[in-house]
Structure formats: C-alpha cells, structure tokens
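Participant: missing the sequence, but the structure's below:
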C-alpha cells in the first residue's frame, strides 16, 4: 500500500473541526497512540528511511514495515507501507527483540480522526511541536481536493514524515530514545 497524504502545519483545532462538520465528515474517534520503532543493530533500515513500527491506539495493534518513497528529484513523495494486525503488543515487542532487532525509539501521539468518503483527516498532536493535520486519500489529487473543501490551500500542504516535521522545529528525533508527553529522553 502507498499512502497519499499532505500535511498542514499549526492548525487551529476548533476551527478545523467546525470546517470538517460543515462538509459532514464523520468523527471516527480520538486515540492515544503508543509505538516502538525497530531496526537492525547497525541501523541499516534507518539509513535508507525504512523502519518496522509496532503501534497501538488502545484498541488495535499493528505491525508495519514503512519506507519513505523518494520522488523524481529526491524529495519525499509518500510512504510505502505493509501493515498487519497483531493481537498482543507486549508479545510482539518481545518477539522483535528476541530476533535481535533493537528499539530505535519509543513514541506517543494523540490523534483525532475524521473520515469523508475515501479521505481521512487526522489531527495529530505530538510532544513539543504544534498540532498538524494530515489529509490522506486514494491519490494526491484527491487529498488536495479534500483539503480545498475545508478551506486549505493545497500549495500550503507538505509531504513529510513525523521526523521531518520535528526537524522543521529544530528537533532531530534520531537523537531521542523516547518521545512522550511526559518528556523527551535523549539517547
């Protein structure tokens, strides 16, 4: 699966939720995510913008392989993702460690999710940076059209990972072993 999403920084959440209600987007839920990112001991996946992610939102647990897809000019053009549902976060965590994968980082974030047709609107809050909106759909064009419907200019949208988002605020998350709302712990 390839993700087609664009991100809008520093959103006004109450104003955004009002716009989503105006287009009859359905509020799917509010989630507290916890995740662990895994790599080989030599961090070979990290060097190629790849990683394994174990994640839970308190209801569903997934294990995913993620890979940043580069565009024609070396820019970030999206994300390749292969994801499966697993039934036990702790056991999967131990399984990955037992095959000698190492924990690259543990993270938390909060998400408010809305859906309208084939488009998902995720209002993402992460520790230490402003809240942003991800608009994900079946194509970049569809994500841009959906953004326009809630009054956002697609030209203002960015394509990037959470890591790149943190870099915009001067924080290199590769320097951290833990990013949580209780605090960020450097390696």
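Facilitator: Okay, I see it. Keep in mind it's a predicted model, so treat the numbers as computed, not measured.
Participant: where exactly do the strands run in the protein?
Facilitator: 2-8, 26-39, 50-56, 61-70, 76-86, 102-116, 119-125, 132-137, 176-180, 183-186 (DSSP state E).
Participant: just say which of those is most tucked in.
Facilitator: Among the strands of the chain, strand 132-137 has the highest mean neighbour count (mean count of other CB atoms under 10 Å), at a mean of 23. To be clear about C-beta, it is placed using only N, CA and C from the backbone, and glycine gets the same treatment.
Participant: residue 164: which of the strands of the chain is closest?
Facilitator: strand 76-86 (6.8 Å; CB to CB).
Participant: by contact count, what packs against that closest one?
Facilitator: strand 2-8, strand 61-70 (3 or more CB pairs under 8 Å, 6 or more residues apart in numbering; DSSP states H and E).
Participant: where among the ones you listed is average confidence lowest?
Facilitator: Comparing mean pLDDT across the helices and strands packed on strand 76-86, the weakest is strand 2-8, with a mean of 83.
Participant: could you give the angle of that one to strand 132-137?
Facilitator: 140 degrees (axes from the mean of the first three to the mean of the last three CA atoms, to 10 degrees).
Participant: got the contact list for strand 2-8?
Facilitator: 69, 78-81, 132-140, 142-144, 147, 152, 154, 156-160, 165 (CB atoms under 8 Å, 6 or more residues apart in numbering).
Participant: that older thread, take the strands of the chain and write them to JSON lines, including distance to residue 96.
Facilitator: What follows is the strands of the chain, written out as JSON lines (distance: least, CB to CB, whole Å):
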{"stretch": "strand 2-8", "distance to residue 96": "22"}
{"stretch": "strand 26-39", "distance to residue 96": "5"}
{"stretch": "strand 50-56", "distance to residue 96": "7"}
{"stretch": "strand 61-70", "distance to residue 96": "8"}
{"stretch": "strand 76-86", "distance to residue 96": "10"}
{"stretch": "strand 102-116", "distance to residue 96": "8"}
{"stretch": "strand 119-125", "distance to residue 96": "25"}
{"stretch": "strand 132-137", "distance to residue 96": "26"}
{"stretch": "strand 176-180", "distance to residue 96": "16"}
{"stretch": "strand 183-186", "distance to residue 96": "20"}
